[in-house]
Structure formats: structure tokens, C-alpha cells
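[1] Sequence unavailable; structure follows:
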């Protein structure tokens with residue numbers, strides 16, 4: 001499929017770069033479209049439906065098919081076009097394709113080919129296995145634009161199976177004591193990954209309305225999730241005993257906290273790797289589980305692209321750029337608006353603990369929490 005000619009004002013800049021930063025967001029000049037723009041534009045290619053990457057107000061949206069359901073569940077009806085992973089679309093003179101990013105359901109890397117150059121914009125990604133979305137697919141390119149949310153060598157994730165064993169043991173012990181377990185995580189992506197990894201035989205699973213809405217989009221895309229109940233379906237306090245309650249972090253500060261005064265609470269986040277993060281979050285347990293690549297994952301993903309040039313965005317840019325330069329790559333950073341979420345988000349994820357210069361990059365983030 002071809003979308004229009006290349007407009008006269010959208011010629012490739014003198015540098016020849018296929019992606020440049022404009023006030024509206026990351027812009028592809030020869031194709032005259034934006035990737036995850038943070039201001040309203042005429043054409044937006046969306047890597048995934050987290051609110052810092054997918055915002056309302058664009059005239060036209062393009063995303064992967066599995067992204068569409070979540071995107072519209074969060075933003076409402078949209079002028080939306082989908083492009084299956086691996087299929088190509090010609091926009092102006094640019095050949096565009098989407099490839100799995102392994103971040104959340106429907107997340108995609110954007111491959112751009114024009115005038116002999118291939119660029120890939122990663123969006124957010126992880127390389128660890130995840131039952132709720134397609135795995136990260138390395139895409140060969142000349143230039144790779146990568147996130148760096150956890151771009152410090154201290155971030156090294158344990159195998160997810162070990163983390164879920166910990167969560168299940170915690171829930172099982174709480175249930176044996178007749179206590180509910182309140183587990184906090186992003187309403188989109190993290191909550192569904194938690195649902196897919198816990199053992200539903202331990203007890204009933206109750207979810208916040210924000211989680212439930214996204215669950216429906218996941219199930220519609222064929223992702224298997226255990227049966228859940230909504231808060232409103234739990235009128236009797238006795239029903240909460242032994243239950244696992246999944247909610248976004250802001251819910252712990254609202255009406256839910258009054259219903260679960262005797263609950264044991266935990267938070268699933270990559271930030272839990274840092275000493276003191278659990279204390280600042282004010283929870284009983286911290287579980288290190290992230291939907292972003294850790295340091296070895298970033299190194300692995302960047303190396304697999306074969307790119308000689310790497311542009312680093314949102315997160316620990318300076319450290320990763322310096323390390324890449326030491327490896328002989330042409331590395332630099334690019335400022336973006338990712339990671340600073342809109343005020344109307346349903347929930348909040350703890351920001352990086354004090355002293356860490358980074359962003360969480362997910363939809364349920366706020367820069368001043370906890």
C-alpha cells in the first residue's frame with residue numbers, strides 16, 4: 001500500500017537522517033510522519049499504547065493489530081489503520097514495517113528504509129520471554145534508536161520464573177493466614193504479565209477496573225489470562241481473605257486502601273532492584289519485574305541489530321552512550337518527552353528513586369512518586 005507522495009516541505013534533511021526531533025516528536029522527513037509524537041500531528045506511527053507513546057489528538061494513527069484494541073480501550077474511537085508485523089507500507093518514499101518489541105501486547109519497533117539507509121526506532125522493549133506478547137525480534141539496520149530506561153550495569157533481571165515463584169509463595173503464605181495480598185503494578189502490561197504468571201489455584205484474583213478494561217483487550221487478542229473478579233463484585237469483606245488483588249499503585253492511596261486495611265502489599269517494578277526503593281514505595285514486599293530490557297538486554301538487543309550508529313533516548317542516556325562509544329560505535333542521545341505521563345492517567349508507578357536520573361517510560365508513571 002502507498003500513502004501519498006512525499007510533500008515538497010518534507011525532504012530529507014542535509015544530514016540524511018531518517019528520523020529527527022521536532023517540537024511535536026520524532027519525525028521522518030522523507031515520509032512526512034511522526035513516531036510516537038507527544039503533540040497532535042497529521043500522521044502518527046504508534047509503537048505501543050502506553051500513554052507517553054500514544055496520545056490523543058492525531059489525525060491518523062498507524063499501529064500493529066494487537067495494539068489497536070488496547071489503544072482504543074484507552075483513547076476511545078480513533079482514525080486508525082493497522083499494519084501486521086513484517087508487512088510493508090510505502091509512505092512517501094519510505095518503506096515502513098513493524099516488528100515485535102516484546103514490551104507489551106502489540107508493541108512494535110518501526111523499521112524505515114529509504115535511499116539505501118535502514119533505521120529502526122525501538123519504542124520500549126525487553127528481551128526476556130513473556131507469555132502475554134510476541135518476543136523481541138532483532139532487526140538489522142544502519143541506525144538504531146533505543147530506549148535506555150534501565151541503562152545502568154546495576155540493572156540485571158533474574159529469570160521471570162524465579163520472580164513468579166516468589167510472588168506465588170508470598171501470596172500462598174498470606175492466604176494461609178487468611179489475609180488478602182495487594183499486588184501493585186501498571187494497569188497495562190505489567191498487570192497482565194502478573195496474571196499470566198501467578199498460580200490461580202492459590203485463591204481468587206480480584207482486579208481494579210483499570211486492569212479489567214485492559215484485560216478484555218488482551219483476551220480479545222487471544223492472550224490466556226486466569227478468571228478474575230472486579231472490586232465491585234466483592235461486597236463481603238470475608239470474600240477478600242486469601243485473594244490476590246491486582247491494582248495500579250495509585251489505588252493503594254484511594255478507596256481500595258480502606259477495604260484492604262489488613263492486606264499485605266507488594267509492588268512489581270524494575271525499580272525494586274535498588275536498595276531503599278521498596279521502603280520509599282511504602283510496601284511490604286518488592287518484586288523485581290520489569291517490562292523493559294535490563295543492561296545485558298540492552299547490550300544484546302543493540303548488538304543484534306548490527307547498527308554502527310545508535311541514538312539513545314529516555315532513561316540512562318549518558319551512561320549507555322559512553323559505553324557504546326567505548327565499543328567503537330557512533331553513539332549519541334536524543335531528548336524526548338517519553339516517561340513523563342499525562343495528568344489524567346488512571347494510576348501511578350513509582351518514579352526512579354532519588355539519585356537515579358531516569359524515567360520509567362510506562363503508562364502509569366509520575367515523576368514525583370512515591
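    Looks like it came in fine. As the structure is a prediction and not an experimental result, all values here were calculated from the model. Numbers count the residues shown, from 1 in each chain.
[2] Identify the residues contacting the closest residue to residue 316 other than its chain neighbours.
    Leaving aside its chain neighbours, residue 316 sits nearest to residue 151 (3.4 Å; criterion: Cβ to Cβ, 6 or more residues apart in numbering). Every C-beta, even on glycine, is put in place using the N, C-alpha and C of the backbone. By Cβ atoms under 8 Å, 6 or more residues apart in numbering, the contact list for residue 151 reads 295, 298, 312, 315-317, 319-320, 358.
[3] Take the residues you listed and lay them out in a markdown table including pLDDT.
    Output for the contacts of residue 151, formatted as a markdown table (pLDDT from 0 to 100):
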| residue | pLDDT |
| --- | --- |
| 295 | 98 |
| 298 | 98 |
| 312 | 98 |
| 315 | 90 |
| 316 | 89 |
| 317 | 94 |
| 319 | 97 |
| 320 | 98 |
| 358 | 36 |
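[4] can you tell me which of the residues you listed are in helices?
    295, 298, 317, 319-320 (DSSP state H).
[5] Among these, which one has the most neighbours?
    Per-residue neighbour counts (other Cβ atoms under 10 Å) across those peak at residue 298, which has 29 neighbours.
[6] how far away is the residue lying closest to residue 48 once chain neighbours are set aside from residue 322?
    Excluding the flanking residues, the one nearest residue 48 by Cβ to Cβ, 6+ apart is residue 107, at 3.8 Å. From residue 107 across to residue 322, the span is 27 Å (Cβ to Cβ, to the nearest Å).
[7] So if I had to pick from the two, which one is more boxed in?
    residue 107 (32 against 11).
[8] My guess is residue 104 contacts residue 132. True?
    Yes. Here residue 104 reaches residue 132: they are 7.5 Å apart, a contact under Cβ atoms under 8 Å.
[9] Which one's more surrounded, those two?
    Per other Cβ under 10 Å, whichever of residue 104 and residue 132 has more neighbours is residue 104, with 30 against 21.
[10] what helix or strand is the more buried one on?
    Residue 104 belongs to no helix or strand when elements are defined using DSSP states H and E.
[11] Dump the contacts of residue 151 into a markdown table; add distance to residue 144 as well.
    As requested, the contacts of residue 151 are exported to a markdown table (distance: Cβ to Cβ, whole Å):
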| residue | distance to residue 144 |
| --- | --- |
| 295 | 16 |
| 298 | 11 |
| 312 | 9 |
| 315 | 15 |
| 316 | 16 |
| 317 | 14 |
| 319 | 17 |
| 320 | 12 |
| 358 | 19 |
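[12] Check which element follows the helix or strand bottoming out on mean pLDDT in the chain along the chain.
    Lowest on mean pLDDT, DSSP states H and E among the helices and strands of the chain sits strand 2-3, with a mean of 44. For strand 2-3, the succeeding helix or strand toward the C-terminus, using DSSP H and E, is strand 20-22.
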